[in-house]
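Peer 1: this is a predicted model, with the sequence first.
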Amino acid sequence: MMKDSNIFRVMGMGLFAVCAVWAFSGCATTTVAARSGSDPNADIEALRQGHKDFYEQYFVKDPALYKKLFKEGQSPKTLIIACSDSRVAPEIVFGADPGDMFVVRNIANIVPPARSAGINVGTAAAIEYAVEHLHVRNIVVMGHASCGGINALMAPEGGAHGVHPGAIADWIALANPAKEKALKLEGATAAQAQAFCEKRSVENSVENLMTFPFVADKVRDGTLRVFGCYFSIEDGTIEKVCER
């Protein structure tokens, strides 16, 4: 089980300790097999097998955890705000057990400012629930490399993912302050500018978190910590970006 006090152990060069990645072997094998085939039914079969492995682990071999969670409810100590990217699963990256983390995922791990909470109500409501009702002690905004949302934000014509006017474009526009900083870089390659923007977007989301009064108040009185981090899909490391 993940301990909130050990989420981030800073190593040399500002890197966090990389948490062990775990997976049930049966589920992982089935999922890989599903991806390698052309039969769409195999995708659903992979889900069925994954649930079978999950059930065997948590409700047959070791049912105590879910019995406790059902009886006592959830009490996670950390809120993770991460990208919806299928390669960036916080529970796996941080080696968490069920009940350890309250997780919010959206395109490009963006936090809207409080003033727009009425428009972007989903993420704002989750933050409010985690802080005001679950009383989490930590909030972590988890950015990552090769983010499709940031790629689209940085590319004049919508980037590799072909973003057109609509919900996605409106959403990633919330990260425009990060884009403006990235565009001021001199001599940077497109890849370097994107990585810079991805990290600045994490900082922007952390700053937006501080516009929520119930977050800012708890940070001031020391009952809540806010971190920004950056996950490398290429080598598995996590870099600390900022802290409040």
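Peer 2: Cool, the structure landed. All values reported here derive from a predicted model rather than from experimental measurement.
Peer 1: which residue is nearest the centroid of this structure?
Peer 2: A82 (1.5 Å; C-alpha atoms, centre = their mean).
Peer 1: now it. Nearest residue, chain neighbours left out?
Peer 2: Nearest non-adjacent residue to A82, counting by C-beta to C-beta, 6 or more residues apart in numbering: M142, 4.3 Å away. All C-beta atoms are positioned from the backbone trio N, CA, C, and that covers glycine.
Peer 1: quick check: that neighbour touching D85?
Peer 2: No - judged on C-beta atoms under 8 Å, M142 makes no contact with D85 at a distance of 10.3 Å.
Peer 1: I80 pairs with what?
Peer 2: When bridges are called by DSSP bridges, I80 pairs up with V103, V140.
Peer 1: could you pull out the buried residues of stretch 216-233?
Peer 2: 216, 218, 224-231 (16 or more other C-beta atoms under 10 Å).
Peer 1: out of the residues you listed, list just those in strands.
Peer 2: 225-231 (DSSP state E).
Peer 1: which residue ranges of this structure form strands?
Peer 2: Under DSSP E, the chain gives strands at 15-16, 78-83, 101-106, 138-144, 225-231, 238-243.
Peer 1: quick one, longest helix in this protein?
Peer 2: Looking across the chain with DSSP state H, the single longest helix is helix 190-209.
Peer 1: which residues does the residue nearest to the centre of the chain contact?
Peer 2: Neighbouring residues of A82 by C-beta atoms under 8 Å, 6 or more residues apart in numbering: 88, 90, 103-105, 109, 141-142, 144.
Peer 1: try 6 Å this time
Peer 2: 88, 90, 105, 109, 142 (C-beta atoms under 6 Å, 6 or more residues apart in numbering).
Peer 1: show the pLDDT at the last one.
Peer 2: M142 carries a pLDDT score of 98 in this model.
Peer 1: how about the fourth one?
Peer 2: As predicted, N109 sits at a pLDDT of 98.
Peer 1: so for it, what's the nearest residue that isn't a sequence neighbour?
Peer 2: Nearest to N109 is C83, by C-beta to C-beta, 6+ apart, at 4.4 Å.
Peer 1: which ones are touching the one you found?
Peer 2: 108-109, 144.
Peer 1: how long is stretch 91-108 from one end to the other?
Peer 2: 17 Å (C-alpha to C-alpha, to the nearest Å).
Peer 1: number of nearby residues for I44?
Peer 2: Other residues near I44 come to 11 when the count uses other C-beta atoms under 10 Å.
Peer 1: same question, S38
Peer 2: Neighbours of S38 using other C-beta under 10 Å come to 5.
Peer 1: with the one 3 residues further on instead?
Peer 2: Other residues near N41 come to 9 when the count uses other C-beta under 10 Å.
Peer 1: going forward can the numbers begin at 863, since that is how I track them
Peer 2: OK, 863 is where the count begins now, so the last one is N903.
Peer 1: now do the contacts for it.
Peer 2: Applying C-beta under 6 Å, 6+ apart, no residues contact N903.
Peer 1: any idea how far R999 lies from E918?
Peer 2: 33 Å (C-beta to C-beta, to the nearest Å).
Peer 1: er, S900 actually
Peer 2: 29 Å.
Peer 1: what's the answer for R1087, then?
Peer 2: Distance from R1087 to E918, by C-beta to C-beta: 37 Å.
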